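Student: The sequence and its predicted three-dimensional model are supplied below.
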Amino acid sequence: MSNIIRRTDAVDMDTIIKEYIREMQLAAGLDNQLVCEAWNKVSGAGNYTLGCRFSKGKLYVSVSTSVVRSRLFLRKKAILDEMNGILSGNSMFSGSKDGMPPVTDIILK
């Protein structure tokens, strides 16, 4: 990060924050947080979600009841599409590469 401090030209805050997150290796944790927030917003199952973890393009979600799990399973494709739309529009999300969607699958437990 020493090269950020030594710059003499103006750099916007967005660039500085992204570089700081990359250098401090905070991207994985931030991506996990952003994906779980998108899950709660899109799924409507925030009250029933026991755990949420994002790893290698897959979202692992534990829900408290089988009824909710089966309803979410039926809406899985729509939830994926809406979550990917939210995450693709978020400049702080660094998980999508090579034109792939950020979340490729949802594993419901």
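Tutor: Arrived safely, thanks for sending. Residues are numbered from 1 along each chain as shown.
Student: how much space between I107 and I86?
Tutor: 19 Å (CB to CB, to the nearest Å). For every residue, glycine as well, the C-beta is placed using N, CA and C.
Student: List the buried residues of stretch 52-71.
Tutor: Within stretch 52-71, the residues that count as buried by 16 or more other CB atoms under 10 Å are C52, F54, L59, V61, V63, V68, R69.
Student: To clarify, my last question referred to stretch 92-101.
Tutor: By 16+ other CB under 10 Å, the buried positions in stretch 92-101 come out as F93, S94, G95, S96, P101.
Student: looking at this, the last one is in a helix?
Tutor: No - under DSSP: H, G, I helix; E, B strand; the rest coil, P101 falls outside any helix and is assigned coil.
Student: Find me the pLDDT at it, would you?
Tutor: If you check P101, the pLDDT there is 87.
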